[in-house]
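Undergrad: here's my sequence, what's the structure:
(2 chains)
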Amino acid sequence: MRYLKLTRLLASIAVLALLMFAAAACGDDDEDTGDDGTEEIAIMEPFGRATLDTASAYFTIKNNGDTDDALVAASAPVADMVSLHEVVTQGAESKMQPVDKIDVPAGGETQLKPGGLHVMLEELTQDLKEGDSYTLTLEFESGLTMDVEITVESYTSDSGMEGGM
Amino acid sequence: MTLLRSILRLLRPRILWAVLAVPALLSACGSGDSDTTRTASPSPTPAGYLGMVVTPAMPKPEFTLTDTSGQPFNFVAETEGYLTYLYFGYTYCPDICPSHMADIAAVIKRQPELNQKVKVVFVTVDPDRDTPDRLRAWLDLFDEDFIGLRGDAADLEAATKAALGELWFPIEKSTPADGGEGYIMSHAAFVQLYTLDNLSHIVYPFGVPQSGYEWDLTKLIKEGWTES
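TA: Numbers count the residues shown, from 1 in each chain, chains lettered A, B, ... in the order given. This next block holds a predicted model:
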């Protein structure tokens, strides 16, 4: 009897915890600035992270146009190899998977963020430390190419750019 | 018979669906959440922890690997009496592995007295590329006291089996699509935290905020592991 109660308690704890994570991850849906309506594709809130010779870049891609588009490639002078990845978790196992493209539907947006989709930079040609910036060139299926300034921030699994309590 | 019962239990441990469900929920948030805000402060679950509570708790694994100075490291003996985080990752991991290390390091940096009570053990799943020097340099980016361990494939398999028990998975190495030298390793989806009773009651899948690590650690230091 006691065991049953405990089991139920633990189950509800797990549910609560999940809801909390989901809430923390979703946050509020503040509209972002940068929606000037003139660009078909807008990149919002770009930031990066870096360790010894490996880095990642994150941003939200907003498609203001009326045709679907997709990010198909990225390159940067600071890295010899740049690829698009997604983190996949199954049971106790996590791994990154290369993706061919990152879809951005017409009128919609797609977020690259820690623990999800990201741009991975390998074989860095220069050290990247917190506060450093570099240019990342993004290529879209539509033929559009654009440069984004990525500033390196400190690592944290928090969903945003800030750390700490 | 005991084995059968274990397998049956495997079918319904909270941790399994929890680990599966967290990323699903996170991605279910949709693409509308481009915010950078997060909840201001954690509110405790009924048990009071923000990590995932595992039931039944996982026993502290018995394994010996080699630390970055080349000395053997007996996990049970060396971590006795310390709150101990254990994580299986690799240094070419650009996203999840450094996030966990950075969050734990930030918490310890804010409360330096924790240094005497907490050990952080990072086992590389990629010993081919993670030489002792590289592993040391990578861990030093976060905290010079973090312990880095290596072993050959057989030692690593034994260590992961001991730590993950029924949740064990074979470490996978991808073949690079571009024919280059880069490859991707699979790694643990969560950090395990062992309390002074030498059990892991709580694990930290990606998505637990830094404040969640801090909340739990502060509580465990103060009260020890309690079930309610």
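Undergrad: for chain B, which segments count as strands?
TA: Here chain B has its strands, by DSSP state E, at B:52-59, B:64-67, B:72-74, B:83-89, B:118-124, B:147-150, B:187-188, B:190-194, B:199-205.
Undergrad: next one: the longest one to chain centre, how far?
TA: Its chain's C-alpha centre and that of strand B:52-59 lie 13 Å apart, by CA atoms, centre = their mean, to the nearest Å.
Undergrad: could you dump that strand to CSV, C-alpha only?
TA: In CSV, the C-alpha atoms belonging to strand B:52-59 read as follows (Å, rounded to 0.1, in the frame of the first residue of the first chain):
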residue,chain,number,x,y,z
MET,B,52,14.8,13.7,-12.6
VAL,B,53,14.1,11.5,-9.7
VAL,B,54,14.9,7.9,-10.6
THR,B,55,13.2,4.9,-9.1
PRO,B,56,14.6,2.5,-8.2
ALA,B,57,17.8,4.5,-7.6
MET,B,58,20.9,3.4,-9.5
PRO,B,59,23.8,2.0,-7.5
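Undergrad: buried sites along it?
TA: Under the neighbour-count criterion of 16 or more other CB atoms under 10 Å in any protein chain shown, strand B:52-59 has B:M52, B:V53, B:V54, B:T55, B:A57, B:M58 buried. Glycine gets a C-beta too; all of them are placed from N, C-alpha and C.
Undergrad: which among these are in contact with chain A?
TA: For chain A, the contacts drawn from the buried residues of strand B:52-59 by CB under 8 Å from any CB of the partner chain are B:M52, B:V53, B:T55.
Undergrad: helices of chain A, start to end?
TA: Here chain A has its helices, by DSSP state H, at A:2-26.
Undergrad: ah, wrong one, I meant chain B
TA: Using DSSP H, helices in chain B cover B:2-10, B:14-28, B:75-79, B:96-110, B:132-140, B:153-164, B:210-223.
Undergrad: residues in contact with the residue nearest to B:K161 when sequence neighbours are not counted?
TA: Leaving aside its sequence neighbours, B:K161 sits nearest to B:W168 (CB to CB, 6 or more residues apart in numbering or on different chains; 5.0 Å). Going by CB atoms under 8 Å, 6 or more residues apart in numbering or on different chains, B:W168 touches A:A92, B:T160, B:K161.
Undergrad: burial count for residue 60?
TA: By default, I'm working from chain A. Neighbours of A:T60 under the rule other CB atoms under 10 Å in any protein chain shown: 22.
Undergrad: wait, I meant chain B there
TA: 21.
Undergrad: so it sits against B:V76, correct?
TA: Yes. If you go by CB atoms under 8 Å, B:K60 and B:V76 touch, sitting 5.7 Å apart.
Undergrad: what do those two both touch?
TA: Going by CB under 8 Å, 6+ apart, residues that sit against B:K60 and also against B:V76 are B:N198.
Undergrad: just to revisit the earlier point, and of the strands of chain B, who's closest to B:P98?
TA: strand B:83-89 (8.4 Å; CB to CB).
Undergrad: counting contacts, what elements does the closest one pack onto?
TA: helix B:96-110, strand B:118-124, helix B:153-164, strand B:187-188, strand B:190-194, helix B:210-223 (3 or more CB pairs under 8 Å, 6 or more residues apart in numbering or on different chains; DSSP states H and E).
Undergrad: what sits against B:Y90?
TA: B:C97, B:T124, B:V125, B:D126, B:R129, B:D130, B:M185, B:H187.
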